[in-house]
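3D model of this:
(chains A and B)
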2 protein chains.
Amino acid sequence: MIKVLVIGAGAIGAFYGALLAKAGAEVSVVCRSDYNQVKQHGFIIDSHPLGRWHFTPAQVLKNAADFEGTADYILLCTKVIPALDRVALLRPAVAKNTAIVFIQNGVDIEQELLTAFPNNEVVSGLAFICCNRVGPGEILHLAYGRLALGNLPNGVSPKTAQLCELFRQSGIDGNATENIVTGRWQKCVWNAPFNPLSVLSGGLPTLDILKTQESLVRSIMQEVCNIAAASGHPLPDDIVNINIAHTYAMPPYKTSMLLDYENGQPMETEAILGNTLRAAQRLGVAAPHLESVYALMKLRELKLSD
Amino acid sequence: MIKVLVIGAGAIGAFYGALLAKAGAEVSVVCRSDYNQVKQHGFIIDSHPLGRWHFTPAQVLKNAADFEGTADYILLCTKVIPALDRVALLRPAVAKNTAIVFIQNGVDIEQELLTAFPNNEVVSGLAFICCNRVGPGEILHLAYGRLALGNLPNGVSPKTAQLCELFRQSGIDGNATENIVTGRWQKCVWNAPFNPLSVLSGGLPTLDILKTQESLVRSIMQEVCNIAAASGHPLPDDIVNINIAHTYAMPPYKTSMLLDYENGQPMETEAILGNTLRAAQRLGVAAPHLESVYALMKLRELKLSD
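Numbers count the residues shown, from 1 in each chain, chains lettered A, B, ... in the order given. Got it, this is the predicted structure:
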C-alpha cells in the first residue's frame, strides 16, 4: 500500500491528501492548528464537484518526527513564508526512497529542497484550485482542482506518473508536466499582479482591479514574462492576453493573499514577489511596476507588525 | 485698507488669512464646514512659533457671491479635487483689479485659472508648513510656515511683492519667487512619493517609509524630476539627495493625504499624481513607479467608494 505523509494539512494539503486516501493510499497528516479536532474527528471534505465525504488520516501528528513508518511520498503543502523552515519540517520524515512533493506557491523555491535532499526525488506541484478551510478540520472545495506535477529540473519520473494516476482515480486532473519550472513561472504571471493589488487596494476582488487598472495588471504580467524568459523559461506570446481574458471570465475572486491579509495571517509576499524580483535583479531585467508593488507590500507588512 | 477674501478657510486659509489680518489687512472668509462656529466666534490660531491669538474675519460667508466690497486679493485655499470647481468658487467675487492667489497643492493646476480669468493677475502660492485644523474654528500651527508666491507664467508683480511684504510683517517668510512653476514641480518631488506611500502602507509616517523603501522613494522622485525637466522646468541635480536628507532629518510626519484618508476626506490624488502622470504621458517620459502608485491609489479610492 502506498504510504503518503502530508505536511501542512490546511485546505490544499487536506484536500489532496483526502483524494489520495480515496484512491486507496494510506495517508497521514502533520497538522498544527487543527490538531485536536482532526485527531478526534478527521476532516470533512465538502467538494462542490466531487461531493461530501469524511477523511480519517492513518496517523494525525503534530510533528513529522512522530511519523511511524516510511513514506513513499511526502506532500509539503504549507505556505512559503520566511518564518517556516521547509527543510526542517521535512527532514525528520524523509527516508531513502521518499519522493518529496511540494504543492506550494511562488517561484525559485526549488533549490532549497534540492540542496537539502540531493538523493531524493523532488517533485514540484502546482494546484489550480479554489479551496478554503472554513472551520477546524472542515475544507470547502469550490471549484477547479487540477494539479500539475513534474520532476526537477524537468521530466516526469515513474513515481510522479504514478501519483498523477492516483489523483486521476480520485476524480481530479493529475497532470504530469515535462517542464514544471516553466509552469511555475506561468502561474506567477497571474499571481504577481492580483495577489498584491487585492491587498493594497484594501480588499478589491479581481474583477474590479482588472476593470479599472488593466494597464497596471498587464505591465506586471509582462515584467514576469520577461523575467521568466531571462531565467530560461520563455512563456507563450499570448499568455498575458489569455490571463486577462480568463480573469474577465472568472467570477469576482478573492486572492489567497487577500484572504491571509483579512485573517491576519502572514502573506506569501517573498515567495511570489520577492523571489521574482530578486531573479529580475540577478538577471538584469527591468521590472519597475513589480518593484513598486513589492515595496508597497513590504511597507504594508511593516505597518501590520506595529 | 487692503481687502482680502479667503476662499476655503481650512487650516491653510485660516492661518494665512489670520496673518494678513494681523498685518493690517481687512480679511473676510468663505468657509463652509465651520461656518456657524466661525460666524459667531471667529478663529483661534494657536501657533507654536508665533503665539496664540484670535482672528475675527471682517465678513464670514457661505459663498463668495455674498462678499460685499471689492477684494484686492482672493486667496484660494481649498483642496484641489475633481469634486470642487475652482473657477466656480472664485467667479462671483473676482473684480477687475482682484489678484487671484491660489495656495494649493499639485502641478499643472494653473491653466484652468488663467483661462477663466485672462484679465486678472493670477499668483501661484506654495505653503511649506505644518498646520492642522484641530476643531471647529481652531487652527494649530506646529512648525515652518514659508509661503512662496510668484506670478504666472513667471516673474513677481508689484502686487505680489506687496503681499509678500504683508506676510513678512506678520512674522512668516513671504518669499517672492521668480519661477514659481518650477517651485511647484520642486515641491512635487517630495509630495509624489510620500503622500501616496503613507496611505498605501496603511498609515506609516514618512521616516518609516524612507528607512525601509528609500529606493522606491528615490525612483519616484527621479521620475518627477524627469517629467519636470521635460516640461521645461529642470530641477537642481542634487534635489533628490537633498529631499532624502531633509526627510531623514524631519520628525516622523503624517502627510496631508494620510490625514485626509484617516478622516474619510477626499484626497488630492489627481492634483499631485494624476496631473504629474498625465504630463509624463503627454511628454513621452517613462514613469513606471509613479504609474504603479497612482493606479494603486485609484484602486484604493474605488474600494473606499464601496
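
from now on I want contacts and neighbour counts done on CA atoms only, so please keep to that.
OK.

give me the residue at the spatial middle of chain A.
A:Gln104 (2.7 Å; C-alpha atoms, centre = their mean).

what is the burial count for the residue nearest to it when sequence neighbours are not counted?
For A:Gln104, ignoring the flanking residues on the chain, the nearest one in space by C-alpha to C-alpha, 6 or more residues apart in numbering or on different chains is A:Cys77 at 5.8 Å. Applying other C-alpha atoms under 10 Å in any protein chain shown, we find 24 other residues in the vicinity of A:Cys77.

any idea how far A:Cys77 lies from A:Phe102?
6 Å (C-alpha to C-alpha, to the nearest Å).

do the same with A:Phe43
For A:Phe43 relative to A:Phe102 (C-alpha to C-alpha), the value is 21 Å.

quickly find the element holding A:Ser215.
Assigned by DSSP states H and E, A:Ser215 belongs to helix A:206-230.

actually, A:Val4.
Under the criterion DSSP H and E, the helix or strand holding A:Val4 is strand A:3-7.

what sits up against the helix or strand just after that strand?
Moving toward the C-terminus from strand A:3-7, the next helix or strand (DSSP H and E) is helix A:11-22. Residues outside helix A:11-22 that contact it (C-alpha atoms under 8 Å, 6 or more residues apart in numbering or on different chains) are A:4, A:6-7, A:26-27, A:29, A:43, A:45, A:55, A:57, A:75-78, A:131-133, A:139-141, A:166-167, A:170-171.

out of these, which sit inside helices?
Counting by DSSP state H, the contacts of helix A:11-22 place A:166-167 in helices.

among the contacts of helix A:11-22, which ones are buried?
Neighbour-count burial (16 or more other C-alpha atoms under 10 Å in any protein chain shown) is assigned, among the contacts of helix A:11-22, to A:4, A:6-7, A:26-27, A:29, A:43, A:45, A:55, A:57, A:75-78, A:131-133, A:139-141, A:166-167, A:170.

ok so A:Gly202 is a strand residue?
No: with DSSP: H, G, I helix; E, B strand; the rest coil as the criterion, A:Gly202 is assigned coil and is not in a strand.

excluding its backbone neighbours, what's nearest the closest residue to chain B within the stretch 101-250 of chain A?
Residue nearest to chain B within the stretch 101-250 of chain A (C-alpha to the nearest C-alpha): A:Ser201, separated by 4.4 Å. In space, A:Ser201 comes closest to B:Arg300 once its chain neighbours are excluded; the distance is 4.4 Å by C-alpha to C-alpha, 6+ apart.

who are the packing partners of the strand or helix carrying the one you found?
Under the criterion of DSSP H and E, B:Arg300 resides in helix B:288-304. Here helix B:288-304 touches helix A:180-200, helix A:206-230, helix A:288-304, helix B:180-200, helix B:206-230, helix B:269, going by 3 or more C-alpha pairs under 8 Å, 6 or more residues apart in numbering or on different chains; DSSP states H and E.

got the CA positions of it in PDB?
Coordinates of each C-alpha in helix B:288-304 appear next as PDB, following Å, rounded to 0.1, in the frame of the first residue of the first chain:
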ATOM      1  CA  PRO B 288       6.500  53.300 -14.200                       C
ATOM      2  CA  HIS B 289       6.900  53.700 -10.400                       C
ATOM      3  CA  LEU B 290       4.700  56.700 -10.300                       C
ATOM      4  CA  GLU B 291       2.300  54.900 -12.600                       C
ATOM      5  CA  SER B 292       2.000  51.900 -10.300                       C
ATOM      6  CA  VAL B 293       1.500  54.100  -7.200                       C
ATOM      7  CA  TYR B 294      -1.200  56.200  -9.000                       C
ATOM      8  CA  ALA B 295      -3.000  53.100 -10.200                       C
ATOM      9  CA  LEU B 296      -3.000  51.700  -6.600                       C
ATOM     10  CA  MET B 297      -4.400  55.000  -5.200                       C
ATOM     11  CA  LYS B 298      -7.200  54.800  -7.800                       C
ATOM     12  CA  LEU B 299      -7.900  51.200  -6.600                       C
ATOM     13  CA  ARG B 300      -7.900  52.300  -3.000                       C
ATOM     14  CA  GLU B 301     -10.300  55.200  -3.800                       C
ATOM     15  CA  LEU B 302     -12.500  52.700  -5.700                       C
ATOM     16  CA  LYS B 303     -12.600  50.500  -2.600                       C
ATOM     17  CA  LEU B 304     -13.400  53.500  -0.400                       C
END
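
circling back: for B:Val240, find the nearest of the helices and strands packed on helix B:288-304.
helix B:206-230 (6.2 Å; C-alpha to C-alpha).

how about the closest one and chain A, touching?
Yes: using C-alpha under 8 Å from any C-alpha of the partner chain, helix B:206-230 reaches chain A at B:209, B:212-213, B:216.

ranking the residues you listed by neighbours, who comes first?
In the residues of helix B:206-230 next to chain A, the most neighbours by other C-alpha under 10 Å go to B:Ile209, 26 neighbours.

look up how far A:Lys303 lies from that residue.
10 Å.

now do the SS call for A:Phe102.
A:Phe102 ends up strand, using three-state DSSP.

burial measure for it, as a count.
A count of nearby residues for A:Phe102, using other C-alpha under 10 Å, gives 24.

hmm, it is touching A:Val123, no?
Yes: if you go by C-alpha atoms under 8 Å, A:Phe102 and A:Val123 touch, sitting 6.4 Å apart.

write out the residues of the stretch 51-200 of chain A neighbouring chain B.
A:197, A:200.

re the thing from before, phi first, then psi, for the residue of the stretch 101-250 of chain A closest to chain B.
Backbone torsions of A:Ser201, given as degrees, to the nearest 10, read phi -70, psi -10.

that one: what's it in contact with?
B:200, B:296-297, B:299-300, B:303.

so what sits opposite the closest residue to A:Arg133 other than its chain neighbours in the bridge?
Excluding the flanking residues, the one nearest A:Arg133 by C-alpha to C-alpha, 6+ apart is A:Ile139, at 4.5 Å. Beta bridges link A:Ile139 to A:Ile45, A:Arg133, judged by DSSP bridges.
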